[in-house]
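# Fold the following, please.
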Amino acid sequence: MTSPSEQLKSVASPPGKPKQVWKKRTASFSRWLHLYLSMLTFFVVLFFSITGLTLNHAEWFDGQQVEHKFTGAVPAAWVNVPDTARIKKLEIVEALRNRHAIRGAVSDFLIEDDQCSVSFKGPGYSADAFLNRHDGTYKLTETRLGLFAVLNDLHKGRDSGPGWSWLIDLSAGFLVLVSLSGLVMLFFLKNKRVKGAIVAILGGIICYLLYWLLVP
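You can find the predicted model right below:
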């Protein structure tokens, strides 16, 4: 049996309305999501911000191109066969990787009457080998374009593999969530949501005007 004081307390402090509880929980969750997603994607935003600058002004960060040339030979039996389907592609690729520390993925393996050509591509990196189909000798040229070329290719997702492509997609999704959670937070700030919405719309208009004025 409840005391009069407990009854009075329950009457004075009625439970919150479902709508108010929903608003409070939504506001709290949006703050939590915005905070931790911002921290999670901090280095992603920093990376794409810096590489956006280096990519837009590549001439400022033009590193020295370094080339290395190699020669060698693979067993002639690997390439000197009438049936091109029997050419030892995997063995050739692995031999080149092991002998010359080649990195990057194989982008092309072309077979012609007199030679085979193998191309490796990676961020800021390429290696091209040409093999004589008669005797198995080859010439290999490896090109390294420097750190900023690597960063720029990573920014564009060029020659960086499917794993990095997935990372870019996930980063884009996280940044969308960060933006939307920040917008949700704004609408729970009674004193700032109208001004904030006006500023957001104004920013969109400014971006469109800059595009219309500056882009040929």
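# In the protein, where is pLDDT below threshold?
Applying pLDDT under 70 to the chain picks out residues 1-19.
# Geometric centre of the chain: which residue is closest?
In the chain, the C-alpha nearest the mean C-alpha coordinate belongs to residue 168, at 3.0 Å (C-alpha atoms, centre = their mean).
# Now it. Nearest residue, chain neighbours left out?
Once flanking residues are discounted, residue 168 sits nearest to residue 157: 5.3 Å by C-beta to C-beta, 6 or more residues apart in numbering. From N, CA and C alone the C-beta is placed, and that goes for glycine too.
# for residue 165, same thing?
Spatial nearest neighbour of residue 165, chain neighbours left out: residue 157 (5.3 Å); criterion: C-beta to C-beta, 6+ apart.
# Run through the residues that contact that neighbour.
164-165, 168 (C-beta atoms under 8 Å, 6 or more residues apart in numbering).
# longest helix anywhere in the chain?
In terms of residue count, the longest helix belonging to the chain (DSSP state H) is helix 161-187.
# how's the protein carved up into domains?
16-59+150-188, 66-144 (automatic domain parsing).
# Tabulate these in TSV, adding columns for distance to residue 199.
Below are these laid out as TSV (distance: least, C-beta to C-beta, whole Å):
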stretch	distance to residue 199
domain 16-59+150-188	10
domain 66-144	38
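# So which residues of the protein form helices?
So, for the chain - with DSSP H - the helices run 4-12, 18-40, 42-56, 76-79, 89-100, 147-156, 161-187, 193-214.
# Residue 129 is nearest to which of these?
Distance to residue 129, taken as C-beta to C-beta, is lowest for helix 89-100 among those, at 5.7 Å.
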